[in-house]
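Student: sequence and predicted structure below; questions after.
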Amino acid sequence: MITLYTWGTPNGRKVSIALEELELPYQVQTVDLARGEQFEPAFATLNPNGKIPVIVDSEGPGGSPITLIESGAILLYLSGKSGKLLPRDIRSRLDAMQWLMFQMGSVGPMLGQAHHFLRFAPEVIPYAIDRYSKEVLRIYGVLNTRLSGRAWLAGDEYSVADIATYPWLARHDWQGVDLKRFPEVNRWFEAMSARPAVQRGMDVPK
């Protein structure tokens, strides 16, 4: 059994979507970020960085339990455990991995900064809003170019790269982005949104 420590954020939803797609049995342990539960000692023993998601797999490598932090590492672990969500062809596999890294290094951090300065900052900072809003549009443009002529980020195969990226783009309204400006992204987004496992994963925790 896998225990998923999570909250209703894009990074948390990456893992719940993957678990639903893979049909792996798991249970959810909520970590209420608004109440600061991620900083409590019990959670710090799982992740000293104080962030979700975390998984504890009671049947890890060699049959021994394993605790994993960082959503990208968790996605790669779940893919390796199941043999799914990464293409077998080496070139396609590397495509999936590089676009997963693009999500980890660009999509999440930059869109997250846009969320903060557009929605949560205690004061309006025009420079920050302008900086991150422009970067958001640039990133959407990169994704739009990548998805041109491709069903998924890795090409013909649905992968962890798509799963990692979707929850962040699901908050496009938070970023002030009209998806119709990016037709290839919009097409991909609609295909992702139609997947039952994505719908279930986005609803975790309830």
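Tutor: Structure's in. What do you need?
Student: with just CA atoms, put the longest helix along the chain into CSV.
Tutor: The residue-count maximum for a helix in the chain (DSSP state H) belongs to helix 126-147. Output of helix 126-147 as CSV, limited to C-alpha atoms (Å, rounded to 0.1, in the frame of the first residue of the first chain):
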residue,chain,number,x,y,z
PRO,A,126,3.9,46.0,-10.6
TYR,A,127,7.4,44.9,-11.5
ALA,A,128,6.9,41.4,-10.1
ILE,A,129,3.5,41.0,-11.8
ASP,A,130,4.9,42.2,-15.1
ARG,A,131,8.0,40.0,-14.9
TYR,A,132,6.2,36.7,-14.0
SER,A,133,3.2,37.4,-16.3
LYS,A,134,5.5,37.7,-19.2
GLU,A,135,7.4,34.6,-18.2
VAL,A,136,4.1,32.7,-18.0
LEU,A,137,3.2,33.7,-21.5
ARG,A,138,6.6,32.7,-22.7
ILE,A,139,6.3,29.2,-21.1
TYR,A,140,2.8,28.7,-22.6
GLY,A,141,4.4,29.6,-26.0
VAL,A,142,7.1,27.0,-25.5
LEU,A,143,4.5,24.4,-24.7
ASN,A,144,2.4,25.4,-27.7
THR,A,145,5.3,25.0,-30.0
ARG,A,146,6.2,21.6,-28.5
LEU,A,147,2.7,20.3,-28.8
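Student: I'd like the average pLDDT over the helix or strand following it.
Tutor: As assigned by DSSP states H and E, the chain's next helix or strand after helix 126-147 is helix 160-169. Average pLDDT, helix 160-169: 98.
Student: and the contacts of helix 160-169?
Tutor: The contact list for helix 160-169 (C-beta atoms under 8 Å, 6 or more residues apart in numbering) reads 9-11, 13-14, 17-18, 21, 71-72, 75-76, 79, 85-86, 95-97, 99-100, 102-104, 107-108, 111-112, 143, 152-154, 179, 185, 188-189, 192, 198, 202. C-betas here are computed from N, CA, C, even on glycine.
Student: give the next helix or strand downstream of it.
Tutor: Following helix 160-169 in sequence, per DSSP H and E, is helix 183-193.
Student: what's the mean pLDDT across that next one?
Tutor: 98.
Student: list the buried residues of it.
Tutor: 184-186, 188-189, 192 (16 or more other C-beta atoms under 10 Å).
Student: picking that back up, buried ones among the contacts of helix 160-169?
Tutor: 9-11, 13-14, 17-18, 21, 71-72, 75-76, 79, 85-86, 95-97, 99-100, 102-104, 107-108, 111-112, 143, 152-154, 179, 185, 188-189, 192, 198, 202.
Student: just those residues: which are in helices?
Tutor: 10-11, 13-14, 17-18, 21, 71-72, 75-76, 79, 95-97, 99-100, 102, 108, 111-112, 143, 185, 188-189, 192, 198, 202.
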